[in-house]
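1. how would this look folded up:
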Amino acid sequence: MPSFVTPQERAAEDPGSPDEVVVDNPSSPSLGAVLRRGLLGSLQAAALSALVLEIGTLGIFMPRWFKDLFLDSGAFWLDTLVLWVVIGFLWAVLGRLSWAIAAVLTTTVVLAIANIVKMQYREEPIYPSDRDFLSEPGFLASMVSPAALVGAGLLVVVVLVGAAWLVTRIERRHPRPRLRALPRRHLLVVLGTRLGVGLLTVLLLAQAAQFNQPGNIWRGLYELRGNDWRYWNQKTNYRSNGFVGGFLFNMPIDAMKQPRGYDAATMADVADRYTALAERVNAGRTGSLDDVNVVLVLSESFSDPTSLEGFELGRDPIPRTRTVMRETTSGDMLAQMYGGGTANMEFEVLTGQSLGLFRPQMLSPYQMLVPEQDDYPSAVGWFRSRGHDAIAVHPYRVGMYKREQVYERFGFEDFVHDTTIRSTGTIDDNPYISDAAAFDEVLAQIDGHDKPLLVNLVTMQNHIPVDGNYEDPVPVSGVGGGEKDRIGQYARGLEHTDEALADFLAELEDSPEKTIVLFYGDHLPGIYGSSVKEANGGTALHRTPFFIWSNQPGQNVPRALPVTSPAFFLPLLHDVADAPVPPYLALLREVHRHVSAIQQGRLLGGSGEPVEEGQIDARTGRLLDDMRLVQYDFSIGERFALDALWPGSTP
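-> I've put the predicted structure just below:
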């Protein structure tokens, strides 16, 4: 497989080079031997690269996963085959096998390191869509502690040095004759081999990029041995099907499969039924949101650590929030992920669309779906059509999760971020803008607008890492070392949020402006060790507090809700305000009565109890079918029913 340089030419180029192999030396390997050696060496390198990736996925050696990969599914050998194709492609392009091997080995080591770090903080592996974060190196660096960052950097340097050493060693042990010094017959063989390998590998890699298309060769090979795509738990998916198999499974694909029966007539029927339902719901309502400020607060990593087993805090970090929750419509939100998923929860709140109804490969609509559209139906368009101005506030960089593009598609008129926010105040050594400063921005926006506002605030104060943020962390017992420090620091940040939130609501309480606030945490922070994770099964690591509060008399009535998906927050907000709902929100409201939360592979019934989709009653099944039809229609369908179900929802 390697290309060739004559020893005479090598000597001419580098007179001081070591002893060279002479082409006509009888001891020199034949062309066939060189090609066979390259074939075997590249296959060994591919297997080593696959092993590196599996180690980065499996972590501590676990016999069951090892058995799945190597014996039952054969996924390891398929991963090796894919990486061998990559090496072959690089050799065909570069003409130097040692370079191709070094490039693949280096890349796989870097991927394995990144995978280990992401697994630790977010309980999920590396995805193809994560490449978008390469444009935000500062954010990636902020996700891990300085010590871990330095360690990873040193390891990458070691790998690069090792790769350079490997290239040098291979080329010294196996000098390559230059192409133009070969006999014509051998030259044609080498060039023909490179061309053939190049064409074949391009075709195979193109197939890999279309892994989720019907009849795909690679997917067929992975499924030949009975591979089980465990999309509801991507960590398990990668461990069972190999890193490469899991990675390919998450290659881009249409957001949803077209539901059976989808057409204009079907959507007209759906629109008629939920228009009638909305009329029945609205008949007894006397409130309105037309002259009310609507504030949606996504509080970064806000959770209730006192609800977790495995450790104890010296004091309750969120007493004020707990009091508000007892007096309002409130409960626990079902977060999609542990340690991440902020933009996905924001997407569900603003659109009413559930990630659980998309294909499992639709990992981030903000990155993979919304920017591809000219506009997108959301609460932003709906409230603007009712007379509101729409402002987004996020005290961080505009590029994260493509928010600048997404907010434009939704129809936000202004986006206040880290360089345009009025106050950039922080607390102690926390580098992120404080929640108090973020709430002050919202108050200033309300005061500065004559029209009612829709404000979507996404805070940053409690974003990881939390190491060393505060001088006075909350005392923690039951765990030790760095985990104890992280939990104490995180809990102290919650106390600051709890106080800032109480002050914010007090300001609104005294304001003549009518305002309603939806407050929710997006996910738990990725700070807990294995013992705490193991002690908290089920949904414990996916539950965050939420409440809906109003400064209007009589609207704050205690109502404890079951665990709820954020896709259902909009109809709940209208319930609190006793405001009329459009047909789309009437649909979501009715679904929530039967299914309180939806995730990939998980449904919670109307009371928050786990249910299997195959066990739901006919009424619930039809509601989910209708929600799926509408979500398809609004997201990637023809939008047959958009104007009837949610008029004005696009800018």
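2. could you point out which element follows the helix-or-strand element of the chain with minimal mean pLDDT?
-> Taking mean pLDDT, DSSP states H and E as the measure, the chain has helix 7-13 as its least confident helix or strand, at a mean of 44. Next along the chain after helix 7-13, taking DSSP states H and E as the criterion, comes helix 31-58.
3. just for this protein, where's the confidence low?
-> Where the chain drops to pLDDT under 70, the residues are 1-32, 34, 59-73, 135-149, 152, 166-167, 170-187, 226-227.
4. could you show me where the strands are in it, in order?
-> 293-299, 312-313, 329-334, 389-393, 414-416, 453-458, 476-477, 515-521, 543-550, 559-560, 595-599, 602-605, 610-611 (DSSP state E).
5. want to try TSV for those, with mean neighbour count as columns?
-> Glycine gets a C-beta too; all of them are placed from N, C-alpha and C. Listed next are those as TSV, based on neighbours: other C-beta atoms under 10 Å:
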stretch	mean neighbour count
strand 293-299	24
strand 312-313	16
strand 329-334	24
strand 389-393	23
strand 414-416	17
strand 453-458	24
strand 476-477	16
strand 515-521	24
strand 543-550	23
strand 559-560	13
strand 595-599	23
strand 602-605	18
strand 610-611	15
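6. got these as CSV, with distance to Leu111 columns?
-> Formatted as CSV, the strands of the chain follow (distance: least, C-beta to C-beta, whole Å):
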stretch, distance to Leu111
strand 293-299, 30
strand 312-313, 37
strand 329-334, 30
strand 389-393, 33
strand 414-416, 33
strand 453-458, 29
strand 476-477, 34
strand 515-521, 31
strand 543-550, 30
strand 559-560, 45
strand 595-599, 27
strand 602-605, 29
strand 610-611, 35
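7. and the closest residue to Arg409 other than its chain neighbours, what does it touch?
-> Among residues not flanking Arg409 along the chain, Tyr376 sits closest, at 4.6 Å (C-beta to C-beta, 6 or more residues apart in numbering). Tyr376 is in contact with 351, 370, 406, 409-410, 650, counting by C-beta atoms under 8 Å, 6 or more residues apart in numbering.
8. ok, now how distant is Tyr231 from Val563?
-> Tyr231 sits 21 Å away from Val563, going by C-beta to C-beta, to the nearest Å.
9. Same check on Tyr262?
-> Here the criterion is C-beta to C-beta. By it, Tyr262 lies 30 Å from Val563.
10. same deal with Pro317?
-> With C-beta to C-beta as the criterion, Pro317 and Val563 are 21 Å apart.
11. So between the two, which is more surrounded?
-> Shown here are Pro317 and Val563; by other C-beta atoms under 10 Å, Pro317 has more neighbours (23 against 18).
12. Pretty sure the more buried one sits against Asp498.
-> Yes: under the criterion of C-beta atoms under 8 Å, Pro317 makes contact with Asp498 at 6.4 Å.
13. Just the C-alphas of stretch 625-638, formatted as CSV.
-> The C-alpha atoms that make up stretch 625-638 are tabulated as CSV, following Å, rounded to 0.1, in the frame of the first residue of the first chain:
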residue,chain,number,x,y,z
ASP,A,625,-50.7,10.0,17.4
ASP,A,626,-52.3,13.4,17.0
MET,A,627,-49.4,15.1,18.8
ARG,A,628,-47.0,13.2,16.5
LEU,A,629,-48.9,14.3,13.4
VAL,A,630,-48.9,17.9,14.4
GLN,A,631,-45.2,17.9,15.4
TYR,A,632,-44.3,16.4,12.1
ASP,A,633,-46.5,18.9,10.3
PHE,A,634,-44.9,21.9,12.1
SER,A,635,-41.3,20.7,12.0
ILE,A,636,-40.5,19.2,8.6
GLY,A,637,-43.9,18.6,7.1
GLU,A,638,-46.0,20.8,4.9
